[in-house]
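predicted model, plus sequence, below.
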Amino acid sequence: MIANMLPAEVLLEIFSYCSLEDVAMSIPYVCSWWRDVSRDTCLWKHFVYRPLRTVTNKEIIDILRLSPQLKAVDFSKHYIRSDIVDVLIECCPKLERLCVPWDAFCNLNKCKISTALVNLKVLIFTGTELKNSALEYLSNQFPTLEHLEFSDLYFTKNELVAFLGKMQHQLHTLSFRCSSSDGHCILPYVAACKKIKTLCLHNLCDNLTVNLPLEKLPNLKSVTSLTLHISSLIAIRNYMRDFMFSPNLVELQLYVCPIFPNDFFSVTARNCPLLRKLTVHGCSTLLQDRSLGSLECFKKLTSLTICNNPYITNEGIKNLGKVSGLTYLDFYECKKLTVQCFTVICGFTNLRVLKFDLKNSNDVVDLSVGHVKNRSLQFMFYKCTSTVLEYFKKQGMVVRLLTDKSETFGMSVVL
């Protein structure tokens, strides 16, 4: 059988395109060689098991029993029971990443989890229910924990202060909510976390005059990725004045804030010369047609994502041509953009990936006007239809359906 003669490198490449379920439950039973290759650690490092609510507990248990190399599990779409955790602990000792609803985690045998899953580095919690003892337990029983996200949960000031005081020497990633009134107490403890590289801060205040004291964070020079969900103009100004001197910052994501100072981009570019990835969600006063050209001050910017912006038009896209290093461009819910802007965008010679909404399936013919200018450009669509799919197949374009949860019902087209 020819398949038995294929080298491991070739099989690993082929298996990487298969689903986790196929790699765990089908491929190992083809032959002993395939079984051995399917257990390679390199193959499993990118797999994340995400059972949906429609999947039965028995199906989950069967998968876990056949996945000893599994490193990441996401139970955010499925209520995890104690019998599933028992199998997970028994059969997946190499687990490094666990996403679970907070209320479910509080009801589990946490001692068993922390004792058995000694490689666990990432914990992501969903939901809003609070049980104080579980947060305290995290800080005492997970010595290997480096990455923690609980941005959907609401903890008291005292809980967060106690937790951060114990975890400050091991956290590399932290995502949490903080009100402006509590920020004066909490943010100094965040600043003491010297190893943090990724920080996501959700500010709960909707009052534009209330100050979130970001000046408490200037010592976090290690941060390379920063996400801010902030609604206070004063907080943004403090961020620019006190915190934005971060020479190592590579990724910046901005959400919600309706008002930005006019010099925001120039100050950010001057103080963060290594910035490569920028995401602006909402923040409609920050990015408009005339301000898109100001992004040229980011000399190393390669990735730009603009979401939910009602002001950017086709005319403004021309200004993006000044940002010569862009390789990735994503427009989502930018309602004034039409496919007629493709002629301009396809002229961006370094651009490799373009993602956007298709509002009218009949408009896709406009793609053919400009795509010949950049044959290496890959299109990714949100909310594609069967009509769109058929059009690109007739044009001889390679179509790949997107399966990532953030791109559900999307597709990719390689010209």
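Sure, I can see it. Residues are numbered from 1 along each chain as shown.

so residue 165 is in which element?
For residue 165, the host element (DSSP states H and E) is helix 157-167.

contacts made by that helix with the rest, please.
132, 135-136, 138-140, 145, 148, 155, 176, 178, 182, 185-186, 189-190, 192-193 (Cβ atoms under 8 Å, 6 or more residues apart in numbering). C-beta here means a position set from N, CA and C on the backbone, and glycine is covered the same way.

swap in stretch 13-32?
1, 3-4, 6, 34-35, 37-39, 43-44, 46-49, 62-63, 66-67, 70.

if we can go back for a sec, show me what the helix or strand that the helix holding residue 165 is followed by is packed against.
Downstream of helix 157-167, the next assigned helix or strand under DSSP H and E is strand 173-178. Contacts defined by 3 or more Cβ pairs under 8 Å, 6 or more residues apart in numbering; DSSP states H and E place strand 173-178 against strand 147-149, helix 180-191, strand 198-203.

in the helix or strand that the last one is followed by, what's buried?
Downstream of strand 198-203, the first helix or strand assigned by DSSP H and E is strand 225-230. Neighbour counts using 16 or more other Cβ atoms under 10 Å place 225-230 of strand 225-230 among the buried residues.

turn those residues into JSON lines, columns for distance to residue 268 and pLDDT.
Supplementary listing: the buried residues of strand 225-230 in JSON lines, determined by distance: Cβ to Cβ, whole Å; pLDDT from 0 to 100:
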{"residue": "225", "distance to residue 268": "14", "pLDDT": "88"}
{"residue": "226", "distance to residue 268": "10", "pLDDT": "84"}
{"residue": "227", "distance to residue 268": "14", "pLDDT": "85"}
{"residue": "228", "distance to residue 268": "12", "pLDDT": "79"}
{"residue": "229", "distance to residue 268": "17", "pLDDT": "77"}
{"residue": "230", "distance to residue 268": "14", "pLDDT": "68"}
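
dump those residues to a markdown table, plus distance to residue 352.
What follows is the buried residues of strand 225-230, written out as a markdown table (distance: Cβ to Cβ, whole Å):
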| residue | distance to residue 352 |
| --- | --- |
| 225 | 21 |
| 226 | 25 |
| 227 | 24 |
| 228 | 28 |
| 229 | 29 |
| 230 | 31 |
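
sec struct for the nearest residue to residue 55 once chain neighbours are set aside, please.
Spatially, and ignoring its direct neighbours in sequence, residue 55 is nearest to residue 78 (6.5 Å; Cβ to Cβ, 6 or more residues apart in numbering). Put simply, residue 78 is coil when judged by DSSP: H, G, I helix; E, B strand; the rest coil.

number of nearby residues for residue 78?
By the criterion of other Cβ atoms under 10 Å, residue 78 has 21 neighbours.

and it, how far from residue 19?
Look at residue 78 and residue 19: by Cβ to Cβ, to the nearest Å, they are 17 Å apart.

likewise residue 343?
Distance of residue 343 to residue 19, given as Cβ to Cβ: 38 Å.

again with residue 294
44 Å.

of those two, which one has the most company?
residue 294 (19 against 11).

my guess is the more buried one is in a helix, correct?
Yes - judged by three-state DSSP, residue 294 forms part of a helix.

picking that back up, mind putting the helices and strands packed on strand 173-178 in JSON lines, mean neighbour count and mean pLDDT included?
Formatted as JSON lines, those follow (neighbours: other Cβ atoms under 10 Å; pLDDT from 0 to 100):
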{"stretch": "strand 147-149", "mean neighbour count": "19", "mean pLDDT": "86"}
{"stretch": "helix 180-191", "mean neighbour count": "18", "mean pLDDT": "72"}
{"stretch": "strand 198-203", "mean neighbour count": "20", "mean pLDDT": "80"}
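
dump these to CSV, plus distance to residue 356.
Shown next, in CSV, are the helices and strands packed on strand 173-178 (distance: least, Cβ to Cβ, whole Å):
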stretch, distance to residue 356
strand 147-149, 28
helix 180-191, 36
strand 198-203, 26
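
tell me which of the ones you listed lies nearest to residue 116.
strand 147-149 (19.0 Å; Cβ to Cβ).

got a list of contacts for that closest one?
Strand 147-149 is contacted by residues 97, 121-125, 138, 167, 171-176, 198, 200 when judged by Cβ under 8 Å, 6+ apart.

which of those sits closest to residue 107?
Checking those one by one against residue 107 (Cβ to Cβ), the nearest turns out to be residue 125, at 13.1 Å.

could you list every helix and strand that the host helix or strand of that closest one packs against?
Assigned by DSSP H and E, residue 125 belongs to strand 122-126. On a contact count with 3+ Cβ pairs under 8 Å, 6+ apart, strand 122-126 meets strand 97-101, helix 102-106, strand 147-149.

contacts only, for residue 112.
Per Cβ under 8 Å, 6+ apart, neighbours of residue 112: 85-86, 89.

let me see the ranges of the helices in the stretch 1-150 of the chain.
Counting by DSSP state H, counting those that start in this stretch, the stretch 1-150 of the chain has helices at residues 2-5, 8-15, 20-25, 32-38, 41-44, 57-65, 82-91, 102-106, 110-116, 132-141.

export these to a markdown table and tack on mean pLDDT?
As requested, those are arranged in a markdown table below (pLDDT from 0 to 100):
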| stretch | mean pLDDT |
| --- | --- |
| helix 2-5 | 69 |
| helix 8-15 | 89 |
| helix 20-25 | 90 |
| helix 32-38 | 90 |
| helix 41-44 | 89 |
| helix 57-65 | 91 |
| helix 82-91 | 86 |
| helix 102-106 | 76 |
| helix 110-116 | 73 |
| helix 132-141 | 69 |
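
which of the ones you listed sits closest to residue 377?
helix 8-15 (24.3 Å).

run the chain-centre distance for the closest one.
27 Å (Cα atoms, centre = their mean, to the nearest Å).

which of the residues in it are buried?
Residues 11, 15 are the ones in helix 8-15 that count as buried (16+ other Cβ under 10 Å).
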